[in-house]
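Chemist: Task: produce atomic coordinates for the following.
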Amino acid sequence: MLGKPPVDIQEQIERGISVLRQGGLVAFPTDTVYGLGACASLRQAVERVYRVKGRPRNMALPLLLAHTSQIGEVADSVPQIAWLLVRNFLPGALTLVLHKSSSVLDIITGGGITVAVRIPAHPVPVALAEGLGAPIVGTSANLSGKPSALTADEVYSQLGDKIDLVIDGGRCPGGRESTVVDVTGEAPVVLREGAISREELERVCGNIVFRGAN
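Modeler: Sure thing, here's the model as predicted:
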């Protein structure tokens, strides 16, 4: 079983960057729940995420970025409406679905042609992605179908020694998950209405389609 990580958060982040570089898996706090990260450019690490979570391989994994400049590295083309949403809602609880670039591994997208990206409003995952110099896979740090983890202890109870490090950043706020907007078509399509409301999106976008939203 893993021992508890050091108390100092910066030391934990530096250790997390090292683990990610070596292909390891790191759990970390975010602005919603604890996330489970792997270096997005290392296939074996991404495969471990699916295996550890018991997640079906056809379910794509989102990417967490440190800066808006990284969006162009993982997306084939970024429409102006996407940049409008980025300027208004990121960092924050917005996930954008874009056409993936050739640099994104097929295993991340479940074999599809799109990729989901977010810049979280939390310093730990941003620091991990920045220190790694690459996007990180950022799915919830729990077994598929089980409750999301809000504390490091809850991560330990579900994933235990199946992962390499848990960064203990205290209790996450929980709350609603991110709003997911597909910007690959003529008009933005909301696939999931989460923390960012319909009204907020319409104030920015105007012409927006709601499909499968909560």
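
Chemist: quick check: longest helix of the protein.
Modeler: helix 9-21 (DSSP state H).

Chemist: Need the CA coordinates for it. PDB is fine.
Modeler: Extracted C-alpha coordinates of helix 9-21, given in PDB (Å, rounded to 0.1, in the frame of the first residue of the first chain):
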ATOM      1  CA  ILE A   9       2.200  20.600  -1.800                       C
ATOM      2  CA  GLN A  10       5.000  21.900  -4.000                       C
ATOM      3  CA  GLU A  11       7.100  18.900  -3.100                       C
ATOM      4  CA  GLN A  12       4.200  16.700  -4.000                       C
ATOM      5  CA  ILE A  13       3.800  18.400  -7.300                       C
ATOM      6  CA  GLU A  14       7.500  18.000  -8.200                       C
ATOM      7  CA  ARG A  15       7.300  14.300  -7.300                       C
ATOM      8  CA  GLY A  16       4.100  14.000  -9.400                       C
ATOM      9  CA  ILE A  17       5.900  15.500 -12.500                       C
ATOM     10  CA  SER A  18       8.700  13.000 -12.100                       C
ATOM     11  CA  VAL A  19       6.200  10.100 -11.800                       C
ATOM     12  CA  LEU A  20       4.300  11.200 -14.900                       C
ATOM     13  CA  ARG A  21       7.500  11.500 -16.900                       C
END
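
Chemist: Could you check how far Glu202 is from Glu193?
Modeler: 11 Å (CB to CB, to the nearest Å). To be clear about C-beta, it is placed using only N, CA and C from the backbone, and glycine gets the same treatment.

Chemist: ok, these two, which is more surrounded?
Modeler: Glu193 (18 against 13; other CB atoms under 10 Å).

Chemist: What's the first helix or strand after whichever strand or helix holds His99?
Modeler: Assigned by DSSP states H and E, His99 falls within strand 94-99. Moving toward the C-terminus from strand 94-99, the next helix or strand (DSSP H and E) is strand 114-118.

Chemist: Which elements pack onto that next one?
Modeler: strand 63-64, helix 71-74, strand 94-99 (3 or more CB pairs under 8 Å, 6 or more residues apart in numbering; DSSP states H and E).
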